[in-house]
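[1] for reference, the sequence and a predicted model appear below.
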Amino acid sequence: MTLQQLRYAIEIANCGSMNEAAKRLFISQPSLSNAIKELENELGISIFDRTNRGISISVEGMEFLGYARQIIEQAELIENRYHGSKRNLIHFSVSTQHYAFVVDAFVKLMEQSDINEYNLHVRETQTYNIIEDVKTLRSDIGILYINERNFKVMNKLFSDGNLMFTPLFNTSPHIFVRSGHPLAQKEYVTTQDVSAYPYITFDQGANNSLHFSEEMVSFSNVVKSIKVNDRASLANLLAGTNGYTIGTGILVSQFNYEQLISVPLQTTEDFTVGWIAHKDRKPSDIASKYIDILNDLVSNSYLNMNQFLL
């Protein structure tokens with residue numbers, strides 16, 4: 001087993017494609033495939049499941065990649081320490097539900113950090129993928145919510161992945177609509193009020209269950225439904241239609257959401273937004289700084305909710 005083979009496996013996992021990984025690594029696809037097969041034969045496991053539709057990470061592969069990333073990180077520390085260049089490449093990744101304040105915190109991290117070389121990732125993705133990213137150490141932290149409805153399922157996944165959930169803030173659901181929406185001027189809305197309008201939600205792919213929904217409230221008998229995969233599509237649909245979605249009540253004003261406003265939804269449900277990380281892995285300095293920025297941003301947002309939304 002070599003460090004090169006570990007890097008190959010990590011790049012394939014990051015790309016989700018053998019062909020794409022080969023292009024990024026500047027080697028041929030057959031050479032890359034052979035290197036991974038040799039590694040799997042040596043270890044006696046299958047890191048990737050191969051089908052006609054492509055590859056996916058196996059259960060054994062998830063565990064292996066977690067160790068592989070730790071080894072590569074340690075190897076880079078040694079190389080940076082003892083090679084003449086003294087490079088100090090900073091690595092940090094966040095996987096998150098589609099929250100504007102998470103990206104705003106990342107912007108502030110860049111503004112406040114004096115680092116010259118870095119490899120940073122912000123992954124807005126589906127809920128199940130957030131947990132998998134942190135579990136396999138693809139991301140340092142993940143940001144999502146829990147509530148009474150999904151508490152048992154999420155805690156089971158956290159426990160199975162050796163992950164710990166740390167709360168950021170508690171809040172109640174709000175709907176988000178354009179400023180000219182018929183419900184925009186109401187002090188609060190009910191489920192009956194919104195039933196006539198299109199409900200815009202984030203698609204959760206193969207793991208499309210209520211436990212993984214990003215929208216904190218589930219409605220029965222929704223007759224107008226729109227699924228999206230990214231925050232830009234959501235914002236454009238909200239701004240251009242009478243559709244609505246449900247979220248935290250925090251939207252960062254500088255991210256061009258001036259046309260959108262929030263209205264509290266009348267419900268007894270509350271939920272907690274927080275971050276997950278490995279229990280036995282101490283956050284890096286940059287991860288700790290990012291978490292501090294998140295906490296400050298969220299605290300300040302509640303001082304003036306009119307400036308923040310979603």
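    Perfect, thanks for sending it. Numbering: from 1, shown residues only.
[2] measure how far the one helix or strand Asp296 maps to is from the centre of its chain, please.
    Using DSSP states H and E, Asp296 sits within helix 285-301. With C-alpha atoms, centre = their mean, to the nearest Å as the basis, helix 285-301 stands 16 Å off its chain's centre.
[3] quick check: phi and psi on Gly142?
    Main-chain torsions, Gly142, degrees, to the nearest 10: phi -130, psi 150.
[4] isn't it right up against Asp133?
    Yes - counting by C-beta atoms under 8 Å, a contact exists between Gly142 and Asp133, whose distance comes to 6.2 Å. (Glycine included, C-beta is placed from N, CA and C.)
[5] could you check the pLDDT of Glu258?
    Per-residue confidence (pLDDT) for Glu258: 61.
[6] tell me how many other residues surround the spatially closest residue to Thr201 that is not a sequence neighbour.
    Using C-beta to C-beta, 6 or more residues apart in numbering and skipping the chain neighbours, the partner closest in space to Thr201 is Glu215 (5.2 Å). Glu215 is surrounded by 16 other residues when neighbours are defined as other C-beta atoms under 10 Å.
[7] next: Gly61.
    Close neighbours of Gly61, defined as other C-beta under 10 Å, add up to 22.
[8] then the one 10 residues further on?
    When neighbours are defined as other C-beta under 10 Å, Ile71 has 14 of them.
[9] can you check Met216 too?
    When neighbours are defined as other C-beta under 10 Å, Met216 has 23 of them.
[10] who's in contact with it?
    Contacts of Met216 were listed using C-beta atoms under 8 Å, 6 or more residues apart in numbering, and they are 145, 147, 173, 246-247, 269, 271.
[11] ok, for Lys108, nearest residue in space, not its chain neighbours?
    For Lys108, the nearest residue in space outside its immediate sequence neighbours is Ile293; the separation is 5.1 Å by C-beta to C-beta, 6+ apart.
[12] show me where the chain has strands.
    Remark: strands assigned in the chain by DSSP state E are 48-51, 54-57, 90-96, 118-124, 141-147, 163-171, 174-178, 199-202, 225-228, 245-247, 260-264, 271-278.
[13] helices or strands up against the fourth one?
    Using 3 or more C-beta pairs under 8 Å, 6 or more residues apart in numbering; DSSP states H and E as the contact criterion, the secondary-structure elements in contact with strand 118-124 are strand 90-96, helix 100-112, helix 127-135.
[14] with mean pLDDT and distance to Ile12 added, can I get these in TSV?
    As requested, the helices and strands packed on strand 118-124 are arranged in TSV below (pLDDT from 0 to 100; distance: least, C-beta to C-beta, whole Å):
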stretch	mean pLDDT	distance to Ile12
strand 90-96	89	17
helix 100-112	89	26
helix 127-135	91	15
